[in-house]
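In: coords below, sequence missing:
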C-alpha cells in the first residue's frame, strides 16, 4: 500500500502488454483496484484463439469489450482463467462464459465452469502458446500466477501490483505469501524473466527488482509492527496508527488486514508477548 519507485500513475495500462499478452482495463478504479482490474488476453500471434485472464467485475460493457477486442485481433476466447477468487477479478467470469461458451478454470472449484480446474504445474495452450500455472498462495489461499515463457513474463494477479504493495486478504497468510514471493524471485532469476503483468496497475519491466522490493518492504513492515508492540501498542488500531501513519487513512481498514496477518505470522513464530492474542476478523469481512 506504499508507492513503488519508478512506476508513475500515468503509465499506460489499457492496451499495454507484451507480444502475447494484451490488457483490457475494466472500469472499476478505486483505492484498492488502482486504475481498475486488468483483464489479460493471452494468445500466440496469429492464433485464432485466446485465453482471457481475470474477467474482472460483472460489468456488461467491459465483458463485451473483452470479446470484441479479441475478435478485432482475429481471436475467439477459448478459455477463461482466474488468478484468484476475489470479486474484482472473478465476478464477470460466469457472464463471459455465457458470451463465449468458454470454460472457467480456477483453483477454487466453486468458481469453475466446465470440467477443468487449475493445479500447480498445469500447462495451458488454448491461446496457442504455453502458459504455466504457478501456485502462489498468500494474498488468498487460491492465488496463482501464470508464467508466459515466450515473452519472459509472469501474470501476477494480486500477488504483485503495478503500484503499491499487496494486502493480505482475510483468507490469506503472510507466511505463505513470503514463501510465494521467494519462489517467484527464484523463478525470475533462474529463467531470466523480465516483466510482471499485474492484476492492477501498469506492467512492471523489472521483475527481479520489483520482487526484491516487495520482500524488503515486507521485512520492514514486520519490523515496524514489532517495534509498535515493543512500544506498548496492543490493538490493531494502535498499531495501524503508528505503522501506517503516512498512508491515506481511507486505507487504514485494509491496513488492519495486513497488521492482523503480521500478528498471525509473529504468533506462529512464538514472537508475540505473553497474553497478546490475534483478534479475529469481524463477521462479514471480505477481502
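Out: Everything's here; your move. Small disclaimer: the values here were computed from a predicted structure and weren't measured.
In: low-confidence stretches in the stretch 151-287 of the chain?
Out: 281-287 (pLDDT under 70).
In: and the strands in it?
Out: Secondary structure of the stretch 151-287 of the chain (DSSP state E, counting those that start in this stretch): strands located at 153-157, 195-198.
In: hmm, who's touching stretch 254-263?
Out: Residues from elsewhere that reach stretch 254-263 (Cβ atoms under 8 Å, 6 or more residues apart in numbering): 1, 32, 167-170, 172-174, 177, 221-222, 225, 236-237, 239-240, 243-244, 247, 272, 276, 278-279, 281, 287. Using the backbone N, CA and C atoms, a C-beta is placed for each residue, glycine as well.
In: any idea how far residue 158 is from residue 34?
Out: Separation of residue 158 from residue 34 (Cβ to Cβ, to the nearest Å): 11 Å.
In: could you do residue 79 as well?
Out: Distance from residue 79 to residue 34, counting by Cβ to Cβ: 26 Å.
In: now do the longest helix anywhere in the chain: distance to the chain's middle.
Out: Of all the segments of type helix in the chain, defined by DSSP state H, the longest one is helix 207-230. Averaged C-alpha coordinates place helix 207-230 at 18 Å from its chain's average position (Cα atoms, centre = their mean, to the nearest Å).
In: again with stretch 35-42
Out: Counting by Cα atoms, centre = their mean, stretch 35-42 comes out at 11 Å from the chain centroid.
In: what does stretch 25-35 give?
Out: In terms of Cα atoms, centre = their mean, the centre of stretch 25-35 is found 13 Å from the chain centre.
In: swap in stretch 115-122?
Out: For stretch 115-122, the distance to the chain centre is 18 Å (Cα atoms, centre = their mean).
In: residues in contact with that stretch?
Out: The contact list for stretch 115-122 (Cβ under 8 Å, 6+ apart) reads 81-82, 103, 105-107, 109, 132-135, 144.
In: for these, which single residue is the most surrounded?
Out: residue 81 (30 neighbours; other Cβ atoms under 10 Å).
In: beta partners of that one?
Out: residue 53, residue 105 (DSSP bridges).
In: dump the contacts of stretch 115-122 to CSV, plus pLDDT.
Out: As requested, the contacts of stretch 115-122 are exported to CSV (pLDDT from 0 to 100):
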residue, pLDDT
81, 98
82, 98
103, 98
105, 98
106, 98
107, 97
109, 97
132, 98
133, 98
134, 98
135, 97
144, 98
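In: as TSV, these with distance to residue 186 would be great.
Out: Converted to TSV, the contacts of stretch 115-122 look like this (distance: Cβ to Cβ, whole Å):
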residue	distance to residue 186
81	23
82	25
103	31
105	25
106	25
107	21
109	29
132	15
133	17
134	11
135	14
144	17
